[in-house]
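[1] Show me how the following folds:
(2 chains, ligands or ions: 3)
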Amino acid sequence: MVKKRLYLELENCIGCRSCLAACTQCGGHEQRNRNYVYDVNPLVNRQTMPLMCLHCVNPACARSCPAQAIQIHETGAVLSALVEKCIGCQNCTIACPYGIPKFDTEQNLMYKCDLCIDRTKDGIPPMCASVCPSNTLQWLTDEEIEAKQKQFNLDNGKWVTSMPYLEGETNVRVNLPGILQGVTKLF
Amino acid sequence: MQEVNVKGPRDKFFKEIENVRHPNETLVKTHCSYCGMQCGMNLRVNTKTNKIIGVEPRYDWPVTVGKMCPKGVTAYQQTNHPDRILKPLIRDDASLKGTQQGFREASWDEAYDLIAKKFIELQEQYGKDTLSVFSGVSMTNEKCYLTGKFARVALGTRYIDYNGRFCMSSAAGGFLRSFGVDRGSTLPWTDIHETDCLFIAGSNTAECHPTSMFRVWNVQERGGYIIVADPRETPIARRADVHLDLRPGTDLALANGIVNLLIQNGYVDEVFVSSHTNGFEETKELVKEFTPEYTSQITGVAPEKIIRAAEIYGMAPNAVVMFARGIEQQHKGVDNVSGYTNMALVTGKIGRPKSGVATFTGQGNGQGGREHGQKSDLLPGYRKITNPKHVQEVCQVWGITPEEMPQPGVSAYEMFELMEQKTIRGLYLLCSNPAVSAPNQNFVRKALKGLDFMVCSDFYLSESAEFADVILPSVTWSEDEGTVTNIEGRIIKINKAQEPLGESKPDWQIQAELAEYLGRGKYFSHLKTARDVADEFRLASKGGYADYYGATWDKIEKQDGVFWPCRDENDPGTPHMFLDKKFYHPDGKAKICALPYRPPAEEPDVEYPLRLTTGRVVYHYLSGNQTRRIQFLRDMCPEPYVEVHPETAAKYMIEHEEYVRLYTRRGEAEYKVKITEAIRKDTVFVPYHFGHDKSINLLTIAALDPISRMPEFKACAAQIEKLDRTEVQ
Ligand code: SF4
Ligand code: SF4
Ligand code: SF4
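    Numbers count the residues shown, from 1 in each chain, chains lettered A, B, ... in the order given. Ligands and ions are numbered 1, 2, ... in the order given. Take a look at the predicted model:
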């Protein structure tokens, strides 16, 4: 099975929040969505962007967990807290540089994006990337991502957002707004 | 004849992906219940309970490759929703009309008996035409077809029309005039991302047809251009190469201005124009006046932008002109359609792959539903009820004589006028919610309330059902099968995933059974299944120009849909129209139309200085009767709002999230203010998905297009009053 990654092209986002609706539909997600879509500048324009768990290679959420409740799957996906281990301390929600983990106060339990592990463990795209109508969220091979990187090279070394900033290397790859700067017009 | 891959066109977005299969579940392949995109989806059905429990993407559908908007993702939640009507409901106390009160459960037999008795009584007293049928196109071709037959054969009334008059009728009128045929898109959607320029007018594509967006963005990614004409900076306009931010209701001036520049600057395809079109010289003369400066005066768009847009469209090797309700829901909607279509005709960018003209079909079956006889003057196969030969052909299939065929009726909004005048006293309403979606609601609601007898078929108690004497429980799209015709003109198959909930029934069955009670059973009793209706319907369309005869369910399955016209078993269908440069007018030529500009019916003045325009949000579908009941969608957009530019807000001293009274000459409503720079300063916008006192259609104007009878939802004059409140009262 060829390894695929979640790839984000933020400039494409149309704010439909289909990714959030679809998140509730993944088998293991108990009808709760686990990521965020932000209005970037709501009083000014309609720009939006998804804020997804980036599945850090060395995740702050898991490092901060005193109970080892946050496991890393062999595919690299950083899983939601194990029900039997999570002590509800909410360290992870503070540790994550992107504010991803959500907290269920009733169950005293953290829950977060697990990259639809039921699907992605078999190479099936996660629900969000399956439905995203604008191709903001895509499920691509490393070669495809490299081709994207070449296509939209900004010459400023900042193509991957989270490197070298914040949490270091991530499994998810992000393309910042401005993807069209490198495009040569057809005529 | 067109080469068609047996499995339909595939493109670079298509990937072979297996679906997730959970234990004790089957997947039923079908399409979304909502918009004209008709995204492919699998419904997850629990094999123990035989109930629909969720959705799984349909990666194998070539148009949308698994993608869905949030309405599609949550569409399955309609089927087993607690609000479903499970038994026929009768209201004995007519004084409660217009409320949800007074309904009691009844048997189908009692309901049919009562309807037949009342309908026959009314017709005996006031004549056949005292009854009316108001229908919709968010249902299968089979249902749309049978509704037309039911009105003419079972009820024998001339008064039938449908909600497409508030949706697609201007596109239909414009295409008929320009091309002689009304197929919403001249090319398949799998061409869209391969063109070099998309000129999109009056379409909030990202919110209304979201799953077009991966193809739209790909045009820019390839170095192509997107030009958007819209009074608002919609998500697609935000990223457009040129955003023509025109005043609502001034499209025709913009179209004439651009056509003028295309002609002046040498972008005319002389050979195409002289061999395949009429009307060029006349049009050239008329548009001369529309210089960039004059066009700018009318539209409010800077001349440089108009010049640049014309230059890009003119230079593009291939280009597609696209539009939607923004230009069509005007009292010159038909002219707007022909006006923008002129761009493609003068430059010859039509009748070949990757170039053409398309309208974004609003309702799921907005295309098919308008072709087969629900329109006041049409019969199956796009035949005319005023053409004796056409009438003869249909009579043969129906088993009636031409003398029995009713005359043409009137358009949707005009039916309400006839109700008001008591020409129409009875109504059978199905698949529509005009008590939210029609313009000038105060008038429409009064007309509904004044009816002697009204039957409403729906699966939820809609705002319109509140005016009914009898409500018949129909099924959702997932409990019946049949075909619909998507945005491309591709006939596709909707499959049944669950047995009808409670005692609900599909509308074709209701009509066949009710015909029996009306003494007209012999014309309907052979229709026992949806496939029976499909077979009769294909036959009835045979020989018409919207010919579905060759589009069998098997072929649809095998080819991933069939593009009409499809005339016989061996015809694969017609993905691209006009490849032979033959148009459907008798002389085979298209018509370039010379169209004098007219302003909106109601222009701003001192009393009403603002321009009001209406539209949709991504979370809701049409009148909202379905989507407002879905938790996720309601959470995302629970109530309407009025969008106001910050400078305009400052003038009225109103702030973000405060409530204001918005009013026009026809009505008023209170809305929360949403401040945004992404709208013109002279314009305010309100989404139309909400009912009762929140309906923006209390304020809209019923100025009708002379040809399509489309009301001018998109432009009227309004005023704001500050209330100094941040809560609803
Ligand atoms: S589904 Fe895609 S386009 Fe829609 S909000 Fe999510 S990321 Fe943005
Ligand atoms: S983005 Fe946050 S939640 Fe996701 S893996 Fe990294 S630290 Fe953990
Ligand atoms: S509403 Fe339209 S775009 Fe959204 S999923 Fe349904 S068919 Fe697709």
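
[2] What residues of the longest helix anywhere in chain A count as buried?
    If you go by DSSP state H, chain A has its longest helix at helix A:142-151. For helix A:142-151, the neighbour count (16 or more other C-beta atoms under 10 Å in any protein chain shown) marks A:145, A:148-149 as buried. Quick note: C-beta positions are derived from backbone N, CA and C, even for glycine.

[3] Nearest to ligand 1 among the residues you listed?
    Using C-beta to the nearest ligand atom, A:Lys148 is the member of the buried residues of helix A:142-151 that lies nearest ligand 1, at 16.1 Å.

[4] Counting neighbours, what do you get for the residue lying closest to B:Cys69 once chain neighbours are set aside?
    Spatial nearest neighbour of B:Cys69, excluding adjacent residues (C-beta to C-beta, 6 or more residues apart in numbering or on different chains): B:Pro210 at 4.0 Å. B:Pro210 has 30 neighbours, counted by other C-beta atoms under 10 Å in any protein chain shown.

[5] Tell me how far B:Pro210 lies from A:Thr120.
    Separation of B:Pro210 from A:Thr120 (C-beta to C-beta, to the nearest Å): 24 Å.

[6] What of B:Ala237?
    In this structure, B:Ala237 and A:Thr120 are 35 Å apart, going by C-beta to C-beta.

[7] Contacts only, for A:Ser64.
    Neighbour list for A:Ser64: A:91-92, A:94-95 [criterion: C-beta atoms under 8 Å, 6 or more residues apart in numbering or on different chains].

[8] and if we set it to 7 Å?
    Contact analysis of A:Ser64 by C-beta atoms under 7 Å, 6 or more residues apart in numbering or on different chains lists A:91-92, A:95.

[9] Then B:Thr47?
    Going by C-beta under 7 Å, 6+ apart, the list of residues near B:Thr47 reads B:24-26.

[10] out of those, which is most surrounded?
    That'd be B:Glu25 among the contacts of B:Thr47, by other C-beta under 10 Å, with 17 neighbours.

[11] Who's the closest spatial neighbour of it, skipping the chain neighbours?
    Per C-beta to C-beta, 6+ apart, closest to B:Glu25 is B:Arg44, 5.3 Å.

[12] Give me the secondary structure label for that neighbour.
    Put simply, B:Arg44 is strand when judged by DSSP: H, G, I helix; E, B strand; the rest coil.

[13] That one: how many residues sit nearby?
    By other C-beta under 10 Å, neighbour count at B:Arg44 equals 23.

[14] what does A:Thr93 give?
    A:Thr93 has 16 neighbours, counted by other C-beta under 10 Å.

[15] wait, isn't it in contact with A:Pro101?
    Yes - between A:Thr93 and A:Pro101 a contact is recorded at 4.7 Å, counting by C-beta atoms under 7 Å.

[16] For whichever helix in chain B runs longest, which helices and strands make contact with it?
    In chain B, taking DSSP H as the definition, the longest helix is helix B:108-126. Applying 3 or more C-beta pairs under 7 Å, 6 or more residues apart in numbering or on different chains; DSSP states H and E, one finds that helix B:108-126 contacts strand B:89-91, strand B:131-135, strand B:426-430, strand B:453-458, strand B:470-473, helix B:507-517.

[17] Give the residue spans of chain A that score low on pLDDT.
    A:28, A:152-167, A:177-179, A:181 (pLDDT under 70).

[18] Show me which residues of it sit near ligand 1.
    When proximity is defined by C-beta under 6 Å from any ligand atom, chain A lies next to ligand 1 at A:13-19, A:37, A:50, A:132-134, A:136-137.

[19] which parts of chain A sit against ligand 2?
    Near ligand 2, when you scan chain A using C-beta under 6 Å from any ligand atom, you find A:53-56, A:59-61, A:78, A:96, A:98, A:100-101, A:112, A:167.

[20] on that earlier part again, B:Phe14: which of the contacts of A:Ser64 is nearest?
    Nearest to B:Phe14 among the contacts of A:Ser64: A:Cys92, at 38.7 Å, using C-beta to C-beta.

[21] Run through the residues that contact residue 128.
    In the absence of a named chain, chain A is used. Each residue near A:Cys128 by C-beta under 7 Å, 6+ apart is listed here: A:19, A:22-23, A:35, A:137.

[22] oops, I was thinking of chain B
    B:156-157.

[23] Just the pLDDT at it, thanks.
    pLDDT for B:Lys128: 98.

[24] So it versus chain A, what's the distance?
    According to C-beta to the nearest C-beta, to the nearest Å, B:Lys128 and chain A sit 47 Å apart.

[25] quick one: what helix or strand has the residue of the stretch 551-700 of chain B found nearest ligand 3 in it?
    Nearest residue of the stretch 551-700 of chain B to ligand 3 (C-beta to the nearest ligand atom) works out as B:Tyr621 at 6.4 Å. B:Tyr621 is part of no helix or strand, with elements assigned from DSSP states H and E.

[26] Contacts only, for the closest residue to B:Arg425 other than its chain neighbours.
    Closest residue in space to B:Arg425, ignoring its immediate chain neighbours: B:Asp452 at 4.2 Å, by C-beta to C-beta, 6+ apart. B:Asp452 makes contact with B:122, B:425-426, according to C-beta under 7 Å, 6+ apart.

[27] what are the ranges of the strands in chain A?
    A:4-9, A:36-39, A:48-51, A:102-104, A:109-111, A:137-141, A:173-175 (DSSP state E).
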